[in-house]
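J.: Curious how this folds, go ahead:
(chains A and B)
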Amino acid sequence: DAGVIQSPRHEVTEMGQEVTLRCKPISGHDYLFWYRQTMMRGLELLIYFNNNVPIDDSGMPEDRFSAKMPNASFSTLKIQPSEPRDSAVYFCASSPGQGRNQPQHFGDGTRLSIL
Amino acid sequence: AQSVAQPEDQVNVAEGNPLTVKCTYSVSGNPYLFWYVQYPNRGLQFLLKYITGDNLVKGSYGFEAEFNKSQTSFHLKKPSALVSDSALYFCAVSADNYGQNFVFGPGTRLSVLP
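T.: Numbering: from 1, shown residues only, chains lettered A, B, ... in the order given. Below is the predicted model:
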């Protein structure tokens, strides 16, 4: 079990640039979640997918944020244009679909710094 | 709506002493409760969960948690703390009518002093 894989681990870019974060969930997991973690706001759910379909995107802060899951093994979170207040650690997590309330498995995150 | 409170931002305990990290929750319906641990520069790692059954749940690394329905609490415990237990701990709750989504608490930083 390779775990949830996120790339890049660190990203530093200038304000206004497009940022793309990537996630490979655990094989066989039906649910995929994107979170943002900051000191001020803690861990926030941005969006989650079930079988590649977005189920709840109410946590996406603005239209500058978008997420896609083109297939069961890949998802992206894109910020365009990026702003300094987007600086945070972004986590992807996945969980199996069978049975309710299985634990979510987290990747090690992408630390994003917008200058 | 579901919510989770972790009333202590920081817990300090001496190595070898018992530790408790507190969590209270509010849900409509039957709660499903989880504890996660986060080490520096890492993602959250699952420790244990309560779904139904015994109120005392045992998990990884010697941790356990006690579900108390009347007090709506799910406190994390360990009989003898290790310095390596120092980390950020998150309580999370879900419920029958909340799908696969969790609500996470704000986290409690545990420091185990040698």
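
J.: C-terminal to the helix or strand hosting residue A:32, what's the next element?
T.: Element membership of residue A:32, judged by DSSP states H and E, is strand A:31-38. Beyond strand A:31-38 in the direction of the C-terminus, DSSP H and E gives the next helix or strand as strand A:42-50.

J.: Would you mind listing the buried residues in that following strand?
T.: Of the residues in strand A:42-50, those scored as buried under the neighbour-count criterion (16 or more other Cβ atoms under 10 Å in any protein chain shown) are A:43, A:45-50. Bear in mind the C-beta positions are built from the backbone N, C-alpha and C, glycine included.

J.: ok, of those, which one's closest to chain B?
T.: residue A:43 (4.7 Å; Cβ to the nearest Cβ).

J.: Against residue B:15, how distant is that closest one?
T.: Taking Cβ to Cβ, to the nearest Å as the measure, residue A:43 and residue B:15 are separated by 28 Å.

J.: Quick check: the residue of chain A nearest chain B.
T.: For chain A and chain B, the shortest gap (Cβ to the nearest Cβ) falls at residue A:106, measuring 3.3 Å.

J.: buried sites along stretch A:19-27?
T.: Of the residues in stretch A:19-27, those scored as buried under the neighbour-count criterion (16+ other Cβ under 10 Å) are A:19, A:21-26.

J.: now check that stretch, is it near chain B?
T.: No. Between stretch A:19-27 and chain B, judged by Cβ under 8 Å from any Cβ of the partner chain, nothing touches; the nearest distance is 11.1 Å.

J.: mind listing what the helix or strand that residue B:13 is a member of pairs with, with the direction of each?
T.: In this assignment (DSSP H and E), residue B:13 forms part of strand B:10-14. According to DSSP bridges, the neighbouring strands of strand B:10-14, each with its direction, are strand B:108-113 (parallel).

J.: Please state the offset of the strand holding residue A:32 from the chain centre?
T.: Computed by Cα atoms, centre = their mean, to the nearest Å, the separation of strand A:31-38 from the middle of its chain amounts to 5 Å.

J.: helices and strands around that strand, which ones?
T.: In this structure, strand A:31-38 makes packing contacts with strand A:42-50, strand A:74-79, strand A:88-95, judged by 3 or more Cβ pairs under 8 Å, 6 or more residues apart in numbering or on different chains; DSSP states H and E.

J.: Go ahead and produce PDB holding the CA coordinates of the first one.
T.: C-alpha atoms of strand A:42-50 as PDB (Å, rounded to 0.1, in the frame of the first residue of the first chain):
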ATOM      1  CA  GLY A  42      -7.100  24.900  11.200                       C
ATOM      2  CA  LEU A  43      -8.200  22.100   8.900                       C
ATOM      3  CA  GLU A  44     -10.800  23.000   6.300                       C
ATOM      4  CA  LEU A  45     -12.500  20.700   3.900                       C
ATOM      5  CA  LEU A  46     -12.500  22.300   0.400                       C
ATOM      6  CA  ILE A  47     -14.200  19.600  -1.800                       C
ATOM      7  CA  TYR A  48     -14.700  15.900  -1.900                       C
ATOM      8  CA  PHE A  49     -15.400  13.400  -4.700                       C
ATOM      9  CA  ASN A  50     -17.200  10.100  -4.900                       C
END
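
J.: Okay, the residue lying closest to residue B:17 once chain neighbours are set aside and residue A:33: tell me how far apart.
T.: Distances taken as Cβ to Cβ, 6 or more residues apart in numbering or on different chains put residue B:81 closest to residue B:17, at 5.8 Å, once the chain neighbours are dropped. With the distance defined as Cβ to Cβ, residue B:81 ends up 31 Å from residue A:33.
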